[in-house]
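Student: predicted model follows, preceded by the sequence.
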Amino acid sequence: GAGVSQTPSNKVTEKGKYVELRCDPISGHTALYWYRQSLGQGPEFLIYFQGTGAADDSGLPNDRFFAVRPEGSVSTLKIQRTERGDSAVYLCASSLTSLAGDSTDTQYFGPGTRLTVL
Amino acid sequence: AQSVTQLDSQVPVFEEAPVELRCNYSSSVSVYLFWYVQYPNQGLQLLLKYLSGSTLVKGINGFEAEFNKSQTSFHLRKPSVHISDTAEYFCAVSDRDRDDKIIFGKGTRLHILP
């Protein structure tokens, strides 16, 4: 079946511009995660959704970053006033369910969006 | 808070030789442990995970890892590597009681030498 998809695969923008990155999770997966992977580093957690609500947004670096998941499926990560330091690969993952005390479901990752801020 | 340390950023190994990729973690709570692999130009893929029970976990592609609570380690091993194992390997941890973020190590790049 279809995995997690992310669009665009590559995005080049200029400093100060606004960008939106889209994630389509696996159908039926209620949990959705965003991570950021900078060059030479492991993925870094940004935000996690359970359904439509952000259950944990502690990884968002500042208020220029925002994410939504209005219908509990597709999610959009929005970055305002982009800076060169935002350049990274943005990864999305989804899992079937996410219940406290039952953290056994595998997170499936998408291919990522490579964001380059000039 | 949890953290993961992968001691080796790169590991060169001859084809058909055994390999061990080291991983240590720190956490004040009980954890789940994972190894993910990232092949060139591909997304992250789960190799194996430790949830509970037997401390020796077998994964895909002949890999296995052993959870050692006293040493807070979760080293990844394969008895005989192939060229196709060339990839970046990430050790990761999550809080057993909260199913949100996975904390990743910085990764170890496995180079298979012919």
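Tutor: Nice, I can see it. Everything quoted here is computed from the prediction, not taken from an experiment.
Student: low-confidence ranges, the chain, go.
Tutor: Assuming you mean chain A. A:1, A:98-104 (pLDDT under 70).
Student: ah, I was thinking of chain B
Tutor: If you take pLDDT under 70 as the line, chain B has these spans: B:99-100.
Student: quick one, strands of it?
Tutor: Assigned by DSSP state E, chain B shows strands spanning B:3-5, B:10-14, B:19-21, B:24-26, B:31-38, B:44-50, B:56-58, B:64-68, B:73-78, B:87-95, B:103-104, B:108-113.
Student: and the first one, what's buried?
Tutor: If you call a residue buried by 16 or more other C-beta atoms under 10 Å in any protein chain shown, then strand B:3-5 has these buried ones: residue B:4. Glycine gets a C-beta too; all of them are placed from N, C-alpha and C.
Student: quick one: that strand to chain centroid distance?
Tutor: Strand B:3-5 sits 11 Å away from the centroid of its parent chain (C-alpha atoms, centre = their mean, to the nearest Å).
Student: that strand packs against which elements?
Tutor: strand B:24-26, strand B:87-95, strand B:103-104 (3 or more C-beta pairs under 8 Å, 6 or more residues apart in numbering or on different chains; DSSP states H and E).
Student: tell me the contacts of the residue sitting nearest the centre point of chain B?
Tutor: In chain B, the residue lying closest to the centroid (C-alpha atoms, centre = their mean) is residue B:35, at 3.4 Å. The contact partners of residue B:35, taken as C-beta atoms under 8 Å, 6 or more residues apart in numbering or on different chains, are B:21, B:23, B:46-49, B:59, B:63, B:65, B:74, B:76, B:89-92.
Student: next, count neighbours for the residue nearest to it when sequence neighbours are not counted.
Tutor: Leaving aside its sequence neighbours, residue B:35 sits nearest to residue B:47 (C-beta to C-beta, 6 or more residues apart in numbering or on different chains; 4.3 Å). The tally of other residues near residue B:47 (other C-beta atoms under 10 Å in any protein chain shown) stands at 22.
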